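A.B. asks: 3D, please:
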Amino acid sequence: MDKILEDLGASLDLSDQLASLSLPHILICMLSAAVCGVLIYLVYRFFYRGVVYSDNFNILLIMITVITSFIIMTISANLVLSLGMVGALSIVRFRSAIKDPLDIGFLFWGIASGLTCGAGLYFVALVGTVVIALIYIILHFCKKEKKNYLLIVRYNDSAEDQINVLLSAMKYKLKSKTLTDGETELTVEIKVKNNDTSEASRFKTVNGVMGVTLLEYNGEYMN
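C.D. replies: Sure thing, here's the model as predicted:
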């Protein structure tokens, strides 16, 4: 019983265990996390292929990498402290919605790098960050050049036949068709390769067409 109490008292004594966190160790840990965070930042900045790029979110990736390493480094110093910190972090709630699945991947990437640096596995963190970056860049260049667009055409009834002829010559998916007094608004999803908008331009030459709009579309968001 005395031995158990002695071990418990030792675990509660933060001074001896936190003393192992020397200044060089803290600096190396946080600097390595910062390096990993900067690599993630650069990949996100120059190779992001989502819908909307956010510079604030990109800066957050560096911060979350360094902050995670700081937390893990502190937790690793004391078991009791780790339990208390887990309880404290469990009440944190994030209200900002992640609009792009790629952003979730980058968040996990930053957290994983911070966890590894905080555990003292600096070499593993750097190698892992570089390998993931190379995989992402390769996938970026392997991505097909075709993009989804919404083609919106407004025309009167006299142009109906010519519009149908143009549509029959292309691959499309009907999204909506709104009929009003003598006018029609047609919305279809098409694929455009290398930003070639010649197919959309053909609709402008049809007599009776009052407007043609082309919007980039990924299934959820439009640019």
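A.B. asks: contacts, neighbours, all on C-alpha from now
C.D. replies: Will do.
A.B. asks: what comes up buried for stretch 44-64?
C.D. replies: For stretch 44-64, burial by neighbour count (16 or more other CA atoms under 10 Å) applies to Tyr44, Tyr48, Val51, Asn58, Ile59, Leu60, Leu61, Ile62, Met63, Ile64.
A.B. asks: Report the rounded mean pLDDT for that stretch.
C.D. replies: Stretch 44-64 comes out with an average pLDDT of 84.
A.B. asks: Can you give me the end-to-end span of that stretch?
C.D. replies: 14 Å (CA to CA, to the nearest Å).
A.B. asks: and what of stretch 186-199?
C.D. replies: 15 Å.
A.B. asks: Spit out the contact partners of Val38.
C.D. replies: Counting by CA atoms under 8 Å, 6 or more residues apart in numbering, Val38 makes contact with Ile62.
A.B. asks: actually Leu166, not the one I typed
C.D. replies: Contacts of Leu166 (CA under 8 Å, 6+ apart): Arg202, Phe203.
A.B. asks: Domain parsing of the protein, as residue ranges.
C.D. replies: 2-142, 146-216 (automatic domain parsing).
A.B. asks: Quick check: Lys191 vs Ala133, distance?
C.D. replies: From Lys191 to Ala133 the distance is 28 Å (CA to CA).
A.B. asks: related to what we said a few turns ago, among the buried residues of stretch 44-64, which ones are in helices?
C.D. replies: Residues of these located in helices (DSSP state H): Tyr44, Asn58, Ile59, Leu60, Leu61, Ile62, Met63, Ile64.
A.B. asks: Reformat these into JSON lines and put distance to Asn207 next to each item.
C.D. replies: Listed next are those as JSON lines, based on distance: CA to CA, whole Å:
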{"residue": "Tyr44", "distance to Asn207": "45"}
{"residue": "Asn58", "distance to Asn207": "48"}
{"residue": "Ile59", "distance to Asn207": "51"}
{"residue": "Leu60", "distance to Asn207": "52"}
{"residue": "Leu61", "distance to Asn207": "52"}
{"residue": "Ile62", "distance to Asn207": "55"}
{"residue": "Met63", "distance to Asn207": "56"}
{"residue": "Ile64", "distance to Asn207": "56"}
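A.B. asks: quick one on the thing from earlier: the buried residues of stretch 44-64 into CSV, with extra columns for distance to Pro101?
C.D. replies: Shown next, in CSV, are those (distance: CA to CA, whole Å):
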residue, distance to Pro101
Tyr44, 13
Tyr48, 12
Val51, 10
Asn58, 15
Ile59, 18
Leu60, 16
Leu61, 15
Ile62, 19
Met63, 20
Ile64, 18
